[in-house]
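Student: here is my input, please return the structure:
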Amino acid sequence: MSAVTYFEAIVVGALQGVSELFPVSSLGHSILLPAWLGGSWQRDLSIGKDSPYLAVLVAMHVATALALVLFFRKDWVRIIGGLWTSVRHREVRTPDQRLAWLLVLATIPVGLAGLLFEGLLRDYLGKPVPSAIFLALNGGVLYAAEKFSRKKPADEADTVDFSTEETLVMRAVTVEEATDVRLAKLRVGEAVLIGAAQILALLPGISRSGITMVAGLRRGLGHEDAARFAFLLATPVILAAGVLKMPTLFAPENHASLGPALVGSVIAGVASYISVRFLTGYFETRTLTPFAIYCVVAGIGSLIFFAV
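Tutor: A predicted model of the protein is given here:
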């Protein structure tokens with residue numbers, strides 16, 4: 001298979017960084033873009049077993065995860081600290097401790113599913129027509145979520161209880177901490193179901209962040225809280241999957257793609273950081289509807305182009 005060029009890596013890196021976090025499916029776009037462009041792009045950027053392109057995408061996923069870690073660095077310090085104190089003292093008392101365990105438990109289903117089915121689904125469905133179908137379905141699900149998700153009353157949604165915090169010293173409470181307190185109120189079953197929704201993102205065209213937000217909205221979370229929970233859940237999953245597959249990038253047949261992979265990963269990391277910064281602000285007041293419309297139009301348009 002042909003090595004990925006630097007220009008291809010730059011374009012795909014930008015696409016990966018944006019589409020991984022925007023609710024529009026990075027895998028679906030990674031398949032559809034080369035098919036749309038055709039020629040050397042379709043030849044070089046073919047997703048298949050032992051494909052250099054697949055190895056480059058792995059590196060870009062790691063860059064995306066690192067961008068998420070960087071953006072949420074203060075939050076992860078609190079959450080990991082909560083997990084550590086929970087294990088050390090054998091208690092789940094504070095919001096940070098509870099949220100840490102919810103993230104751990106909610107990550108298990110997609111982790112197991114990815115190990116078992118990711119390669120199989122990619123090999124059989126990693127083609128333009130299935131990707132187009134699932135992209136359109138992704139849009140339909142996003143739109144339906146906006147129309148039919150249950151909303152919590154404003155007073156219930158905005159109430160934050162800090163009674164478990166130390167009261168000897170008064171301190172300012174950040175917006176992120178207040179959001180995490182609300183997330184920590186999720187029941188274990190609810191958190192696991194929201195996390196398990198990521199399994200559907202193994203299908204090319206289904207967005208990880210989008211489907212996780214939909215699951216959160218269905219459990220009564222607001223858009224801001226659902227987006228934050230989706231990004232926190234995605235970080236360990238994307239990072240672990242990328243690190244697990246990283247050795248494939250250094251296989252002899254992929255040596256020619258190492259340079260493009262590095263450049264593309266830098267672009268992906270920067271694009272991811274900009275994207276998550278934009279989206280965390282966007283979902284404070286706005287909805288999934290524009291992304292739903294885009295996915296339906298792009299999915300149906302691609303299906304017509306490739307199937308007719």
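Student: alpha carbons only for contacts and neighbour counts from here, please
Tutor: Will do.
Student: now stretch 292-307: mean pLDDT?
Tutor: For stretch 292-307, mean pLDDT is 97.
Student: for it, buried residues please.
Tutor: With burial defined by 16 or more other C-alpha atoms under 10 Å, the residues of stretch 292-307 counted as buried are 292-293, 295-300, 302-303.
Student: would you agree L239 is in contact with A67?
Tutor: No. Using C-alpha atoms under 8 Å, L239 is not in contact with A67; the gap is 10.3 Å.
Student: between these two, who's got more neighbours?
Tutor: Neighbours were counted for L239 and for A67 using other C-alpha atoms under 10 Å; A67 has more, 24 against 20.
Student: what's the separation between that one and S19?
Tutor: Counting by C-alpha to C-alpha, to the nearest Å, the separation of A67 from S19 is 14 Å.
Student: related to what we said a few turns ago, among the buried residues of stretch 292-307, name the ones in strands.
Tutor: The strands, defined by DSSP state E, take in nothing from the buried residues of stretch 292-307.
Student: so what secondary structure elements neighbour the helix or strand containing R98?
Tutor: If you go by DSSP states H and E, R98 is part of helix 95-125. In terms of contacts (3 or more C-alpha pairs under 8 Å, 6 or more residues apart in numbering; DSSP states H and E), helix 95-125 is packed against helix 73-89, helix 175-184, helix 188-196, helix 223-245.
Student: buried ones in the helix or strand where G269 lies?
Tutor: Element membership for G269 (DSSP H and E) is helix 258-282. Neighbour counts over helix 258-282 (16+ other C-alpha under 10 Å) mark 258, 260-273, 275-276, 279-280 as buried.
Student: how about stretch 231-246?
Tutor: 231-242, 246.
Student: tabulate these (a markdown table), appending distance to L217.
Tutor: A markdown table is the format used below for the buried residues of stretch 231-246 (distance: C-alpha to C-alpha, whole Å):
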| residue | distance to L217 |
| --- | --- |
| F231 | 14 |
| L232 | 16 |
| L233 | 15 |
| A234 | 16 |
| T235 | 20 |
| P236 | 21 |
| V237 | 21 |
| I238 | 22 |
| L239 | 25 |
| A240 | 26 |
| A241 | 26 |
| G242 | 28 |
| M246 | 34 |
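Student: could I get the residues you listed as CSV with distance to L288 and pLDDT?
Tutor: Converted to CSV, the buried residues of stretch 231-246 look like this (distance: C-alpha to C-alpha, whole Å; pLDDT from 0 to 100):
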residue, distance to L288, pLDDT
F231, 15, 97
L232, 18, 97
L233, 18, 97
A234, 18, 96
T235, 21, 96
P236, 24, 95
V237, 23, 94
I238, 22, 93
L239, 25, 93
A240, 27, 92
A241, 26, 90
G242, 27, 89
M246, 32, 89
